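Engineer: Attaching a predicted model along with its sequence, questions to come.
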Amino acid sequence: MAATARSVLKVSRTPFARSLVSSSRFSTTAAKNTNLKERLAQLIPAELENVKAVRAEHGKKSFGPVLVDQLYGGMRGLPALIWDGSVLDAEEGIRFRGKTIPECQALLPKAPGGQEPLPEGLFWLLVTGEIPTQEQVTELSKDWAARSALPEFVEELLDRCPPTLHPMSQFSLAVTALNHDSAFAKAYQDGISKKEYWGPVFEDCMDLIAKLPNIAGRIYRNVFGKGKLPSIDASKDYSHNLATLLGFGDNEAFVELMRLYITIHSDHEGGNVSAHTGKLVGSALSDPFLAFAASLNGLAGPLHGLANQEVLLWLRKMQSQIGENATDEAVKEYVWATLKGGQVVPGYGHAVLRKTDPRYTAQREFALKHMPDDPLFKLVGQIYNIVPDILLEAGKAKNPWPNVDAHSGALLTHYGLTQMQFYTVLFGVSRAFGVAAQLIWDRALGAPLERPKSYSTAAIDKMFKGKQ
């Protein structure tokens, strides 16, 4: 066991020390000579001890009341999951292993000449809680490139899909089919010890992430007639290869956008539909391919991953009615007409956040740097200055500020990726990072099968009838 892990085990015996462990056990930079799997193996024993300590000290404590309204309201805000990769704060937004998006942008390794963080580094952070070295990120890029090839039957499966089949359906289909070669499914069938589950799950998750660009690129080119798929370049990073497979690899700004996009969309704690679905299905010991395919089916819903498409449709409709350089007054009138027509302003408000989504801010800063004169970006900025006051006046939202979906479509459109049906596929590629990291830790920590208790309406009525 590494010295860091031994020291954590040593200090985790006292309550005060355990409080320090919870905030610092993943804070050191990874050893220079370890790859991701080796570093994870060093961290697992200490984290198992930490979980035991937290449960021993706090396991019998109440974590807040459960209201009947929460059961009927989609469990909104109900504390029910452990999700280690990220936590969403209502005021400051998402933190990846305790680090804000600006901190990730500053600290995570970047490509030569690039300014945005490499998603490889973000995945290392999600798995270990540590900032990797440039060398470790480079090795991870090479590892994913080496794993990226699709089985021939999966390629044929995608090539036989009609272009009318939604890209997300094709995406889910291909990921499900990768289960054919699951290391975990084989190991489980061979009787692997529960303590060793995390090893083949790690391998499956690495294979999953590595193969997603080839899947996404093949779907994009098949559906939208973009020609033959190029090969993965082992000397390039993950985002550069994804951009190339989509046909935009020669545009360095688009490559940088992909680095930022994947990073900020990778994880958003565990309660959203796609993240929770992956964790739930994984808890049944379904392999990571099956678990993530289920995540994708949830992400495909219009209340989840299709939101940025809804924003772009609304923006385009607005432009068609009031023009590209409309006055503030014209925009205000259009927004009010939207609300009075019984519709929401897409891209504004959030179930948890009570301030502007920092993912929105990161995209806005990117646009100011790379495309300040783009007409659609100008409209997005104009709306940003107008909509919150209108929503507050109308009493339509606890949080009147924009979320991540309010901006991403405008950025993709600027660089020529105009096929809105494909946007959720990019979201899915990104979301694999967070789901995969949690699946690895769930198996390493021996997380149980999820089995919450349900009640009927009649049972609820009987339970409280006659009581104050």
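Structural biologist: Okay, I see it. Values in this document were obtained by computation on a predicted structure and should not be read as measured data.

Engineer: alpha carbons only for contacts and neighbour counts from here, please
Structural biologist: Will do.

Engineer: Can you give the domain ranges for this protein?
Structural biologist: Following the assignment in automatic domain parsing, the chain carries domains at 1-61, 81-451.

Engineer: List the buried residues in the strand or helix carrying Ile386.
Structural biologist: For Ile386, the host element (DSSP states H and E) is helix 375-394. With burial defined by 16 or more other C-alpha atoms under 10 Å, the residues of helix 375-394 counted as buried are 376-380, 382-384, 386-388, 390-391.

Engineer: can the domains of the chain go into TSV with extra columns for mean pLDDT and distance to Phe464?
Structural biologist: Listed next are the domains of the chain as TSV, based on pLDDT from 0 to 100; distance: least, C-alpha to C-alpha, whole Å:
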stretch	mean pLDDT	distance to Phe464
domain 1-61	65	24
domain 81-451	95	24
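
Engineer: Mind putting those domains into JSON lines with distance to Leu67?
Structural biologist: Shown next, in JSON lines, are these (distance: least, C-alpha to C-alpha, whole Å):
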{"stretch": "domain 1-61", "distance to Leu67": "18"}
{"stretch": "domain 81-451", "distance to Leu67": "17"}
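
Engineer: before we move on, the earlier item: and the helix holding Ile386, what does it pack against?
Structural biologist: helix 328-340, helix 405-414 (3 or more C-alpha pairs under 8 Å, 6 or more residues apart in numbering; DSSP states H and E).

Engineer: For Ala149, find the nearest of these.
Structural biologist: helix 405-414 (26.1 Å; C-alpha to C-alpha).

Engineer: Quick one: name whatever helix or strand follows that closest one.
Structural biologist: Counting by DSSP H and E, what follows helix 405-414 is helix 423-444.

Engineer: With just CA atoms, put that following helix into CSV.
Structural biologist: What follows is helix 423-444 as a C-alpha-only set of coordinates in CSV (Å, rounded to 0.1, in the frame of the first residue of the first chain):
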residue,chain,number,x,y,z
TYR,A,423,-26.2,17.3,-29.6
THR,A,424,-27.4,14.8,-27.0
VAL,A,425,-24.9,12.3,-28.3
LEU,A,426,-22.1,14.7,-27.4
PHE,A,427,-23.7,15.1,-24.0
GLY,A,428,-23.7,11.3,-23.7
VAL,A,429,-20.0,11.0,-24.6
SER,A,430,-19.3,13.6,-21.8
ARG,A,431,-21.6,12.0,-19.2
ALA,A,432,-19.8,8.7,-19.5
PHE,A,433,-16.9,10.1,-17.5
GLY,A,434,-18.9,10.7,-14.4
VAL,A,435,-21.0,7.6,-14.6
ALA,A,436,-17.9,5.4,-15.2
ALA,A,437,-16.0,6.9,-12.3
GLN,A,438,-18.9,6.2,-9.9
LEU,A,439,-19.4,2.7,-11.2
ILE,A,440,-15.7,1.9,-10.5
TRP,A,441,-16.0,3.2,-6.9
ASP,A,442,-19.3,1.5,-6.3
ARG,A,443,-17.8,-1.9,-7.1
ALA,A,444,-14.6,-1.0,-5.2
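
Engineer: and the angle for it with helix 405-414?
Structural biologist: 120 degrees (axes from the mean of the first three to the mean of the last three C-alpha atoms, to 10 degrees).

Engineer: what's the next helix or strand after helix 423-444 in contact with?
Structural biologist: Where DSSP H and E defines the elements, the next helix or strand beyond helix 423-444 is helix 457-464. With contact meaning C-alpha atoms under 8 Å, 6 or more residues apart in numbering, helix 457-464 is reached by Val68.

Engineer: for helix 457-464, the distance to its chain's centre please.
Structural biologist: Mean-position distance between helix 457-464 and its chain equals 37 Å (C-alpha atoms, centre = their mean, to the nearest Å).

Engineer: What's the mean pLDDT across that helix?
Structural biologist: Mean pLDDT, helix 457-464: 92.

Engineer: Centre of the chain to the helix or strand harbouring Phe153, how far?
Structural biologist: According to DSSP H and E, Phe153 maps onto helix 152-159. Mean C-alpha position of helix 152-159 versus that of the full chain (C-alpha atoms, centre = their mean) differs by 26 Å.

Engineer: and after it, which helix or strand comes next?
Structural biologist: Scanning forward in sequence from helix 152-159 by DSSP H and E, the next helix or strand is helix 167-177.
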